[in-house]
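S.K.: Sequence first, then the predicted structure, then my questions.
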Amino acid sequence: MPRVLLIEDDLAVQKGVTLALKRRGHEVEVAGSGETGLLALERHRPDLVLLDLMLPGMSGLEVCRRIRESKQIPIIILSARGDDIDTVVGLEAGADDYIVKPASGEILEARIKAVLRRVAPAQDGSTQATPVEPGTERHGALVVDRTALIVTRDGAELALAPSELKLLLFLSAAPGQVYSRQQLLEQVWEHSFYGDARLVDACVMRLRAKIEDDPRAPVYVQTVRGFGYRFGPLA
């Protein structure tokens with residue numbers, strides 16, 4: 001089962017989450033601060049990080065940013081309030097998902113499985129792009145290798161977080177097709193609660209920053225006002 005690093009200072013939450021995950025076969029490492037969490041990340045080499053935002057010393061937001069500087073490991077935020085602005089900022093810093101505390105073991109397990117599936121997402125149907133070589137396709141300056149899960153732009157490999165990669169793969173499989181935020185939540189994040197639409201918006205913002213010449217005038221991931229998003233049909 002996947003190894004999980006829990007960075008959380010609340011002892012009750014530590015105990016509850018650890019027990020729930022161990023019952024489901026996970027190996028769990030616990031860190032009580034951001035500083036010890038970053039050290040445990042190198043030592044434990046987890047498959048996923050569960051990250052509280054309200055930590056003593058280094059904030060969870062800073063921990064998320066530091067992890068994203070060098071690693072694309074999946075990160076799930078643990079937030080005490082579903083409407084907390086820090087949650088949105090955390091998503092913009094590179095987190096792949098968030099869970100509102102307290103959460104049941106079933107919710108934790110479902111979200112963990114969904115995020116990990118984005119590390120090795122299934123191919124999402126056919127594409128209209130012209131193949132460059134077996135297993136790859138070209139969209140303007142972007143080359144997407146769906147087999148190796150590698151995306152390059154002008155020959156340089158892009159470091160995409162799991163949610164960014166899955167979103168790009170899903171949208172680019174059907175250029176021109178418009179998807180609502182709700183559809184993207186269900187297909188990419190495997191959620192059904194409409195309030196989680198900010199996951200989509202935050203991920204789109206981060207993805208645009210990495211693949212677009214000008215994120216304010218996107219060519220690839222385009223907004224269709226009143227509907228949602230589409231992958232721009234490119235010649």
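M.R.: Here it is on my side, so go on. Numbering: from 1, shown residues only.
S.K.: Start and end of stretch 168-187, how far apart?
M.R.: Chord length of stretch 168-187, first to last residue, is 12 Å (Cα to Cα, to the nearest Å).
S.K.: Over to stretch 95-111?
M.R.: Using Cα to Cα, the end-to-end distance of stretch 95-111 comes to 13 Å.
S.K.: In it, which residues are buried?
M.R.: Within stretch 95-111, the residues that count as buried by 16 or more other Cβ atoms under 10 Å are Ala95, Asp96, Asp97, Tyr98, Ile99, Val100, Lys101, Ala103, Leu108, Glu109, Arg111. Where C-beta positions appear, they are placed from N, C-alpha and C, glycine not excepted.
S.K.: taking those one by one, which sit in helices?
M.R.: Leu108, Glu109, Arg111 (DSSP state H).
S.K.: hang on, isn't the second one packed against Arg24?
M.R.: Yes. Under the criterion of Cβ atoms under 8 Å, Glu109 makes contact with Arg24 at 5.3 Å.
S.K.: tell me what the helix or strand of the chain with the lowest mean pLDDT is packed against?
M.R.: In the chain, no helix or strand scores lower on mean pLDDT, DSSP states H and E than helix 85-93, which sits at a mean of 75. Using 3 or more Cβ pairs under 8 Å, 6 or more residues apart in numbering; DSSP states H and E, the elements in contact with helix 85-93 are helix 60-70, strand 75-79, strand 97-100, helix 197-211.
S.K.: Now do the strands in the chain.
M.R.: 3-7, 27-31, 48-52, 75-79, 97-100, 136-139, 142-145, 150-153, 156-157, 221-224, 228-231 (DSSP state E).
S.K.: measure the residue positioned nearest the centre of the chain to Arg198 for me?
M.R.: Here the mean C-alpha position of the chain is nearest to the C-alpha of Asp96 (Cα atoms, centre = their mean), at a distance of 2.5 Å. For Asp96, the distance to Arg198 (Cβ to Cβ, to the nearest Å) stands at 13 Å.
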